[in-house]
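> give me a model of this one.
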Amino acid sequence: MERKIIILLTLVLIAVGVTGCAKPKINTVPTEMDTIGNLEAVSTVLGCMFDPAPCQEKKELGNTEDK
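Sure, this is the predicted structure:
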């Protein structure tokens, strides 16, 4: 009897492992429109990388407005 329970639980564990709880991965290859839509954000990030002073000022201004 115990052996059958162990086998049953093992099969259930294997079945749960095979089916899984995760959602299937969706292929999200960026399209040309996605890239064009993000050009402003990309340029802002690149600008902040090379000259962080204006970005830091905006960040500090945003922090003072929140308080």
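> distance from the helix or strand of the chain with the lowest mean pLDDT to the middle of the chain?
Every helix and strand in the chain was compared by mean pLDDT, DSSP states H and E; the lowest is helix 32-37, with a mean of 73. Put simply, helix 32-37 sits 19 Å off its chain's centre (C-alpha atoms, centre = their mean, to the nearest Å).
> so residue 27, which of the three states?
coil (DSSP: H, G, I helix; E, B strand; the rest coil).
> from residue 21, how far out is it?
Distance of residue 27 to residue 21, given as C-beta to C-beta, to the nearest Å: 20 Å. The C-beta positions use only the backbone N, C-alpha and C, and glycine is treated the same way.
> what about dumping the CA coordinates of the top helix by length along the chain to CSV?
Ranked by residue count and defined by DSSP state H, the top helix of the chain is helix 2-19. Extracted C-alpha coordinates of helix 2-19, given in CSV (Å, rounded to 0.1, in the frame of the first residue of the first chain):
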residue,chain,number,x,y,z
GLU,A,2,2.8,2.5,0.9
ARG,A,3,4.7,1.6,-2.2
LYS,A,4,1.6,2.5,-4.4
ILE,A,5,1.2,5.8,-2.6
ILE,A,6,4.9,6.6,-3.2
ILE,A,7,4.6,5.7,-6.9
LEU,A,8,1.4,7.8,-7.2
LEU,A,9,3.0,10.8,-5.6
THR,A,10,6.1,10.5,-7.7
LEU,A,11,4.0,10.4,-10.9
VAL,A,12,2.0,13.4,-9.7
LEU,A,13,5.3,15.3,-9.0
ILE,A,14,6.6,14.4,-12.4
ALA,A,15,3.3,15.5,-14.1
VAL,A,16,3.4,18.8,-12.2
GLY,A,17,7.0,19.3,-13.2
VAL,A,18,6.3,18.6,-16.9
THR,A,19,3.3,20.9,-17.1
